[in-house]
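J.: this one's structure only:
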């Protein structure tokens, strides 16, 4: 069984035990002041009067809490609340004295008014102090609950803000990728209509996957590789024998959670700064492996170089900047991305994110059978 004090519930046994402890402490204090064991008043009588006094306040405490909620001393109405509480404290204390006197007449030979006078003389000041102590406890509980509520709201707003930023960054990548792919198809129409048609089919399949399956911020690495294989198929059709792609994926990383569309802008950068600007052939390599509690992903190309300008190599286009911002929003300092030179020639983009396997319930739906090329060297 519980008793409610405002918005707080407390078990009745604990509630009575608390007030009993208060009564015992005051009874002992009274006995010490009376000079026990030489006092003429037995300890039991002192304890009985103390129990009557404090059990009365135990019964009135829920009402005190309701009055404290009804007339709070805060905000623009603090003066009105303070005045109402002053009146309520006097009134509730007088009621406590009346109730105490009525109960005492059951154990004492004296009448009600004599007992009421005794309670007013001995306990009225302590009663006022008790009322304001209960009022202060209610206000402290209220402020604690209000602080917790505001912290929760702030946390929810921060989460919503982070999600909005991530969606904004993700929405910047898709039109950017779509524009570049359509431009490649247009340039190929005059040279090889069959290949251009194949690119359009792959692009439609990729867009279907974007729109239907990948609304979340994280997917499994397996699904991300399915998406990037569709994109690489488009690029292999565009560059023909000039482009070779290879993947080196550790089997224990396939179910790891990664940000959706994390690979596409990195691969696009590798193509644009490699075979897209330099003569000859190029090889794009994608590698994923686990390093303790970290998933390491590398996108390498063998036909590009980093600029000597620090600012140029640090940004490396919208793909790198958006990837860096997305990782910051999702993982904070637990993730990073950087560009490194390869020997004798080439650039590697290295991404590190916390290793966390997705549950089957968290994964996006798989592609329909036969629509996604396998993960294998091409």
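T.: Thanks, I have the structure now. Note that this is a predicted model, so its numbers are computed, not measured. Numbers count the residues shown, from 1 in each chain.
J.: for the protein, which segments count as helices?
T.: Under the criterion DSSP state H, the chain contains helices at 12-34, 43-70, 78-104, 112-189, 193-213, 221-239, 263-273, 310-315, 317-331.
J.: now for this protein, the helix or strand with the poorest mean pLDDT.
T.: helix 310-315 (a mean of 43; mean pLDDT, DSSP states H and E).
J.: quick one: residue 31 and residue 46 touch, right?
T.: Yes. Counting by Cβ atoms under 8 Å, residue 31 does reach residue 46; the two are 5.4 Å apart. For the C-beta atoms, the positions are set from N, CA and C on the backbone; glycine is no exception.
J.: now the common contact residues for those two.
T.: Common contacts of residue 31 and residue 46, defined by Cβ atoms under 8 Å, 6 or more residues apart in numbering, are absent altogether.
J.: out of the helices of the chain, which is closest to residue 339?
T.: helix 310-315 (5.9 Å; Cβ to Cβ).
J.: distance of residue 105 relative to residue 62?
T.: Counting by Cβ to Cβ, to the nearest Å, the gap from residue 105 to residue 62 is 25 Å.
J.: low pLDDT regions in the stretch 251-378 of the chain?
T.: 307-319, 360-378 (pLDDT under 70).
J.: tell me where it has strands.
T.: Remark: strands assigned in the stretch 251-378 of the chain by DSSP state E, counting those that start in this stretch are 257-259, 282-291, 294-301, 336-341, 347-354.
J.: domain ranges for this protein, per the record?
T.: Domain ranges of the chain: 2-155, 191-354, per automatic domain parsing.
J.: let me know the pLDDT of the nearest residue to residue 112 once chain neighbours are set aside.
T.: Using Cβ to Cβ, 6 or more residues apart in numbering and skipping the chain neighbours, the partner closest in space to residue 112 is residue 105 (5.2 Å). Confidence at residue 105, expressed as pLDDT, is 86.
J.: cool, and the one 4 residues further on?
T.: Model confidence at residue 109, expressed as pLDDT, equals 77.
J.: give me the number of residues near it?
T.: Neighbour count of residue 109, defined by other Cβ atoms under 10 Å: 6.
J.: quick revisit: just so I know, which of the domains of the chain lies nearest residue 185?
T.: Taking Cβ to Cβ, domain 191-354 is the member of the domains of the chain nearest to residue 185, at 5.1 Å.
J.: now the end-to-end length of the closest one.
T.: Domain 191-354 has an end-to-end distance of 45 Å (Cα to Cα, to the nearest Å).
J.: check stretch 63-76 too.
T.: OK, stretch 63-76 end separation, Cα to Cα: 24 Å.
J.: can you give the contact residues for that stretch?
T.: Taking Cβ under 8 Å, 6+ apart as the rule, stretch 63-76 contacts 5-6, 78, 80-82, 84-85, 88, 92, 131, 134-135, 138-139, 142.
J.: cool, and stretch 133-144?
T.: 5-8, 57, 61, 64-65, 67-69, 72-74, 85, 89.
J.: now do 6 Å
T.: Contact with stretch 133-144 is made by 6, 8, 61, 64-65, 68, as judged by Cβ atoms under 6 Å, 6 or more residues apart in numbering.
J.: and what of stretch 189-197?
T.: By Cβ under 6 Å, 6+ apart, the residues outside stretch 189-197 that reach it are 185, 188, 237.
J.: JSON lines please, covering these and showing pLDDT, distance to residue 329 and neighbour count.
T.: As requested, those are exported to JSON lines (pLDDT from 0 to 100; distance: Cβ to Cβ, whole Å; neighbours: other Cβ atoms under 10 Å):
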{"residue": "185", "pLDDT": "76", "distance to residue 329": "32", "neighbour count": "20"}
{"residue": "188", "pLDDT": "72", "distance to residue 329": "36", "neighbour count": "20"}
{"residue": "237", "pLDDT": "80", "distance to residue 329": "34", "neighbour count": "21"}
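J.: circling back to that earlier point, single out the most deeply packed of the strands of the stretch 251-378 of the chain.
T.: When those are scored by mean count of other Cβ atoms under 10 Å, the highest mean neighbour count falls to strand 257-259 (a mean of 23).
J.: what's the spacing between that strand and its chain's center?
T.: Relative to its parent chain, strand 257-259 has a centroid offset of 18 Å by Cα atoms, centre = their mean, to the nearest Å.
J.: can you tell me the strand partners of it and which way each runs?
T.: According to DSSP bridges, strand 257-259 forms sheet pairs with strand 218-220 (antiparallel).
J.: give me the beta-bridge partners of residue 347?
T.: Beta-bridge partners of residue 347, counted by DSSP bridges, are residue 301, residue 341.
J.: does it really touch residue 304, like I thought?
T.: Yes. Assessed by Cβ atoms under 6 Å, residue 347 is found in contact with residue 304 at 4.9 Å.
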